[in-house]
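> sequence and computational prediction follow.
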Amino acid sequence: MVRAAIALGLLTLVSVEGLSAFSAFRAIPLALLWSFALVLAWCTALSTEHEPRIPPSLTGRTARASAPAPTAFRVALVACAVAVCLALVTALVAPPNNSDSMAYHMPRVAHWLENASVRHYRTFHPAQLIVPPFGDFSIAVIQALAATDRLANMVQWLAYVGSGVVASLIVARIGGNRDAQAFASLVVLTIPMAALQASTTQADLFTAFWFLVFVAIVVDRPSLTNALWAGATLGIGMLTKPTFALVGFPFGVLWALRWVRPGAGKASAARRGFLGSAAVIAVIGIALLLVTPHSIRVARTFATGPWGAGREAVRTRNAAPGLPSLASNVLRDTVLHLPIPGYGRAVVRLHEALGLDPNDPRTTHLFDLTFTDVANTWNRPLTPNEDAAGNPVHLLVALGFVVLALFRRPRDKMAAWAAVIGVAAIAGWLLMQIPFKWQPWTARFDLPFFAVVAVPTGIAMARVSPRVATILVGLFALGALPALLLAVHRPLLDLAAVAAWPLWVWGLLGLVGAALAVRRNGSASRTRDAIVTAGAVVLVAAAVQVGARVFARSSYSPMSILTADAVDIMFRGKPTLEKPYLAATQRLRASDCRVIGLEMRRDDWEYPVWRLLGSSADCGPRICAVAVDDEIVRLPPAETPEPCAV
């Protein structure tokens, strides 16, 4: 499955870049190309005989049999299935409405489809040209073939499911049993940020998936074939998000060291060194080959470099790298994940005591919030928002296992591998803190780190007592429910409507749950289980009531995407824009204007104009920017008549 995902990624990249070179990035050429690939894949599969086999683990045997935890295992599987299904419903029902999606992810897809090419165009938002495009390439292919944007969220949903599967594979490759595999998948799928992003068109979850794929290749046995897969994954990951190279660097070093370690094979040390060097060169060469087209476009447009362009680089680059800024970024990053009253203010006071400015513009991306603003809102990590949600349960559980691991040596190879993966993940996370400024939404960038830490966490959960494992499974599952049901921009549940349920409804739920608990268990524990179940229903009812009152004080009106209008959902993040956008696009639709100019500022919402006007490659008016950034003005104007409306 991992190799098929890589091959699919390569096909996506080749089809987009290849057709764009001939200005043929349209539905019919794409359909022909992908149909040919599908037929070829089926013919290959049908003509090849495969014998099912279980690949040997790196430990040479399965993991030491842990105490059976059937309840925890079953609950973990059910929780994984529920999380995947809830995320799927949200991804299919809700149109793209994330702020970044509205400002540059979806607009660039619309421009590519209209221009039949991914060449650069005039825009007021440089991120549409600079940001690595592979995630949006995938969306563009789906949107071109489906002739709708209602499947745009599926790219990240597929990454969500794939992350759970690949995490399980990594655990199996280092010798984990079925419990450890199920727990690792559960930990990944219940990361609040992952559950929230599974129904958006952002790229952080997509990056986490490719990072897990890269780790899966690293823990596989070294071979030149794996070097080709690793190079392709590295290139695709760097084309998805630039932070991939930083968080993946320690794992790349680990992969290279496995070639030259003693006992790496029957070959001599010199031969192993030669093969390892050739493999590293192949990995780097393939990765650079894949990122070259996008890098050339950026370098030509901005004349500054392929990855950082002009003022865009200044906005995010750490201008004061060093140990003080590294420590500052690490401390401030933890504030985004730990909802502890007073913790953020303590970090501010610690900065001041050390003579550091927590809002230093050299190390802080000052946009609409300073670090002090974030620190003063201790419960911000609990907000089910794909730009701000933290992962407190995952961080605290992982830290707890780290503390336990410090007092005992690894007992077998699997434990040693889990420790190595954990250390490499921490090293990659620290590397990511060095070149970039702290940002209020840095929690998004930590998603690959939390995804790979799920591997040692799952292994550790399989080694604790069944009761502790069941409790941890419940904590992870319950911690993900707000992200799956009450996402700020895409809530499946109308919390106010649930809070309005009469008391007899909650009482009935408690009675039904208690009856089921009594029927399932033996007589010795019937009373206890009935009381526990009824108490759980009371706690849920109280939590809903409190949550509804807190939510009532927010700027978002209660709604459920299952019953709300699609336009209302689209403007959920900025509801004040809905009326003026509707009024403007209605006037444009009533006119005969076929070429519309947009004059906007950076981070303004461009995509609603495309969606409300129904503009696409085949219908609707053409849309172009009439006020562009001075770094982009060197691009030639679009080959369209002058706009008849602005």
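Nice, thanks for sending it over. Numbers count the residues shown, from 1 in each chain.
> what about the strands in this protein?
Listed from the start of the chain, the chain has strands (DSSP state E) covering 595-598, 622-625.
> among these, which is nearest Asn226?
Of all the strands of the chain, strand 622-625 sits nearest to Asn226, with 44.4 Å by Cβ to Cβ. C-beta: built from backbone N, CA, C; applies to glycine.
> so what touches the closest one?
110, 114, 121-124, 594-600, 609-610, 613, 615, 637-638, 640, 643 (Cβ atoms under 8 Å, 6 or more residues apart in numbering).
> any buried residues in stretch 243-253, and which?
Using 16 or more other Cβ atoms under 10 Å as the test for burial, stretch 243-253 gives 243-248, 250-252.
> sitting in helices, which of those residues do you find?
243-248, 250-252 (DSSP state H).
> in TSV, list the residues you listed along with distance to Arg463 and pLDDT.
Shown next, in TSV, are these (distance: Cβ to Cβ, whole Å; pLDDT from 0 to 100):
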residue	distance to Arg463	pLDDT
Thr243	31	90
Phe244	31	94
Ala245	33	92
Leu246	31	93
Val247	26	93
Gly248	27	93
Pro250	24	95
Phe251	23	95
Gly252	29	92
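> pick out whichever of these sits closest to Val14.
Phe244 (19.7 Å).
> skipping adjacent residues, who's closest to that closest one in space?
Take Phe244 and drop its neighbours on the chain: the residue closest to it by Cβ to Cβ, 6 or more residues apart in numbering is Gly237, 3.7 Å away.
> run a quick neighbour tally on that neighbour.
As a burial measure, Gly237 scores 30 neighbours (other Cβ atoms under 10 Å).
> and Ala524, what pLDDT?
pLDDT for Ala524: 50.
> which of the contacts of strand 622-625 count as buried?
Applying 16+ other Cβ under 10 Å to these flags 110, 114, 121-124, 596-598, 600, 609-610, 613, 615, 638, 643 as buried.
> correct me if wrong: Pro392 contacts Leu338.
Yes: between Pro392 and Leu338 a contact is recorded at 5.8 Å, counting by Cβ atoms under 8 Å.
> so what sits against both of the two?
With contacts taken as Cβ under 8 Å, 6+ apart, the residues that reach both Pro392 and Leu338 are Pro381.
> mind listing what's buried along the longest helix along the chain?
The longest helix of the chain (DSSP H) is helix 269-302. Buried residues in helix 269-302, counted by 16+ other Cβ under 10 Å: 272, 275-276, 279-280, 282-284, 286-287, 290-291, 293-295, 297-298, 301-302.
> that older thread, could you dump the buried residues of stretch 243-253 to TSV with distance to Leu582?
Shown next, in TSV, are the buried residues of stretch 243-253 (distance: Cβ to Cβ, whole Å):
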residue	distance to Leu582
Thr243	37
Phe244	39
Ala245	43
Leu246	43
Val247	42
Gly248	44
Pro250	50
Phe251	48
Gly252	50
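> just to revisit the earlier point, out of the ones in helices among the buried residues of stretch 243-253, which is nearest to Ala627?
Nearest to Ala627 among these, with distances taken as Cβ to Cβ, is Thr243, at 30.9 Å.
> verify the stated contact: that closest one with Trp210.
No: applying Cβ under 8 Å, one finds Thr243 not in contact with Trp210, separated by 11.5 Å.
> helices and strands of this protein: which one bottoms out on pLDDT?
Using mean pLDDT, DSSP states H and E, helix 310-316 stands out as the lowest-scoring helix or strand of the chain, at a mean of 65.
> OK, contacts around the residue sitting nearest the centre point of the chain?
For the chain, the residue nearest the mean C-alpha position is Leu205 (1.3 Å; Cα atoms, centre = their mean). Contact analysis of Leu205 by Cβ under 8 Å, 6+ apart lists 156, 159-160, 163, 193-194, 197-198, 447.
> do that again at 7 Å, thanks
When contacts are counted by Cβ atoms under 7 Å, 6 or more residues apart in numbering, Leu205 touches 156, 159-160, 194, 197-198, 447.
> setting aside sequence neighbours, what's the nearest residue to it?
Nearest to Leu205 is Gln197, by Cβ to Cβ, 6+ apart, at 4.1 Å.
> quick check: the one you found touching Pro384?
No: in this structure Gln197 lies outside contact range of Pro384 using Cβ atoms under 7 Å: 11.4 Å.
> which one's more surrounded, these two?
A count of neighbours by other Cβ under 10 Å puts Gln197 above the other of Gln197 and Pro384, at 30 against 22.
> that one: what's it in contact with?
Residues counted as contacts of Gln197 (Cβ under 7 Å, 6+ apart) are 156, 204-205, 386.
> so which of those are in helices?
Reading helices off the contacts of Gln197 with DSSP H, I get 156, 204-205.
> picking up where we left off before, between Thr243 and Trp210, what contacts are shared?
Common neighbours of Thr243 and Trp210 (Cβ under 7 Å, 6+ apart) do not exist.
> distance of Lys574 relative to Thr90?
Distance, Lys574 to Thr90, by Cβ to Cβ, to the nearest Å: 19 Å.
> among those two, which residue is more densely surrounded?
A count of neighbours by other Cβ under 10 Å puts Thr90 above the other of Lys574 and Thr90, at 26 against 15.
> how close does the more buried one get to Arg409?
Counting by Cβ to Cβ, the separation of Thr90 from Arg409 is 44 Å.
> how about Ile421?
Separation of Ile421 from Arg409 (Cβ to Cβ): 17 Å.
> so those two - more neighbours on which side?
Ile421 (24 against 9).
> show me where the stretch 401-550 of the chain has its helices.
Ranges of helices within the stretch 401-550 of the chain are 413-433, 447-461, 466-485, 495-499, 503-520, 526-552, based on DSSP state H, counting those that start in this stretch.
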